[in-house]
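Sequence first, then the predicted structure:
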Amino acid sequence: GAVVSQHPSRVICKSGTSVKIECRSLDFQATTMFWYRQFPKQSLMLMATSNEGSKATYEQGVEKDKFLINHASLTLSTLTVTSAHPEDSSFYICSAREGEGTDTQYFGPGTRLTVL
Amino acid sequence: QKEVEQDPGPLSVPEGAIVSLNCTYSNSAFQYFMWYRQYSRKGPELLMYTYSSGNKEDGRFTAQVDKSSKYISLFIRDSQPSDSATYLCASSRSTLGRLYFGRGTQLTVWP
């Protein structure tokens, strides 16, 4: 099956710093990538949808200036948490969908962010 | 009301038991229904995918959708300790639409 990787798997940072998380589709080209956030024992909450070469579409309540998403190529999307605060601590998961007319989303292993 | 509701459990069963996991949804426009399995600190992996009402079987796993009652089920036969994970149901309106997830049910199968 298709493989999606994320880097880093875990990051600890100080409050006020910015953190970049990478999401890569390893063996397929992903025209669409999704970024989710998951709190302990909670569901995955969609933060934004990004299509290669265009601006991301953010879900209601997600600050686009705080969570910067770049989908510069068909195999890479990045999420940058700017000026991170302790309340941003969470598990961030990306998923990728291959091509047009394909509905299966393949999920990455997730990135655990802890902001001190 | 959330789009997809799921009892978080936890659910604990002995090895070999039949497990029943359930979700309800509120949006009658949902046509596609999925079950994902998520191990601790890992991303979800797709287990089952069904369209509209009906049953789908894959090995020890059976997915059921009853659109009349807006009820989604996953059955696991002959459960194994390796089935211990969190199971998330998800629904969407279209093949390319966003997924709406339940909270996930934490399952433990003990030897």
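All right, it came through fine. Since the structure is predicted, the reported quantities are computational estimates derived from the model, not experimental observations. Residues are numbered from 1 along each chain as shown, chains lettered A, B, ... in the order given.

So for chain A, the centremost residue is which one?
A:W35 (3.5 Å; C-alpha atoms, centre = their mean).

how close does it get to chain B?
A:W35 is 12 Å from chain B, where distance means C-beta to the nearest C-beta, to the nearest Å. C-beta here means a position set from N, CA and C on the backbone, and glycine is covered the same way.

what's B:R37 in contact with, if anything?
Contact analysis of B:R37 by C-beta atoms under 8 Å, 6 or more residues apart in numbering or on different chains lists B:P44, B:E45, B:L47, B:A85, B:T86, B:Y87, B:L88.

So it, which state does it fall into?
strand (DSSP: H, G, I helix; E, B strand; the rest coil).

Please check which residues sit opposite it as beta-bridge partners.
According to DSSP bridges, the residues that bridge with B:R37 are B:E45, B:Y87.

Tell me the backbone dihedrals of A:D88, please.
The phi/psi pair for A:D88 (degrees, to the nearest 10) reads phi -80, psi -10.

Show me which residues of chain A are close to chain B?
A:4, A:6, A:32, A:34, A:41-44, A:46, A:49, A:91, A:93, A:95, A:97, A:101-110, A:112 (C-beta under 8 Å from any C-beta of the partner chain).

Need the buried ones from the residues you listed selected in PyMOL.
Remark: buried members of these, expressed as a PyMOL selection using 16 or more other C-beta atoms under 10 Å in any protein chain shown:
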select buried, chain A and resi 4+6+32+34+43+44+46+49+91+93+95+97+103+105+106+107+108+109+110
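
so B:C23 sits right up against B:K2, yeah?
No - taking contacts as C-beta atoms under 8 Å, B:C23 lies outside contact range of B:K2: 10.5 Å.
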